[in-house]
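Visitor: 3D model of this:
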Amino acid sequence: MKQTINNVYQFRDAFKEVRPDNFSYEGLATLWEYFDEYEESTGEEVELDVIAICCDFSEDFAEEIATYYTIEQGENDSIEEAVKVWLEDEGALLGFGDNGSIVYRSI
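Guide: I've put the predicted structure just below:
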């Protein structure tokens, strides 16, 4: 049985039911935009699997990401900038939350 999700509100509700603490309100909007753009650009529908998304994507602050992946800041960079550049180089950066968090594909 398939469920069609037509908007970000339904997407957020699906996460609230299964994994309410994995992503912030803004983080879920970033994920919705990512999947919506993916579907539009590929013409391929994505099946909503909240558990799989929680395994494949994360939302953390720069300091946490730097610790997880041993990212060091350069002389002239902040830790936020170093993490952003590293995630971009890995093709993993999805976006930023209003609270300063970073939404990314887990590596």
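Visitor: how about the secondary structure of Glu59?
Guide: Put simply, Glu59 is strand when judged by DSSP: H, G, I helix; E, B strand; the rest coil.
Visitor: so what's it up against?
Guide: 22-24, 27, 97, 101-104 (C-beta atoms under 8 Å, 6 or more residues apart in numbering). Yep, even glycine has a C-beta here, placed from its N, CA and C like the rest.
Visitor: now it: how far from Glu40?
Guide: According to C-beta to C-beta, to the nearest Å, Glu59 stands 23 Å off from Glu40.
Visitor: and Glu72, by the same measure?
Guide: 37 Å.
Visitor: before we move on, what about Leu28?
Guide: Computed with C-beta to C-beta, the distance linking Leu28 and Glu40 is 18 Å.
Visitor: of these two, who's got more company?
Guide: In this view Leu28 and Glu40 are compared by other C-beta atoms under 10 Å, and Leu28 has more residues nearby, 23 against 9.
Visitor: can you tell me the helix or strand for the more buried one?
Guide: Using DSSP states H and E, the element containing Leu28 is helix 25-42.
Visitor: which strands or helices does that helix pack on?
Guide: When contacts are defined as 3 or more C-beta pairs under 8 Å, 6 or more residues apart in numbering; DSSP states H and E, helix 25-42 sits against helix 8-18, strand 93-96, strand 102-105.
Visitor: list the buried residues for that helix?
Guide: For helix 25-42, burial by neighbour count (16 or more other C-beta atoms under 10 Å) applies to 26-32, 34-35.
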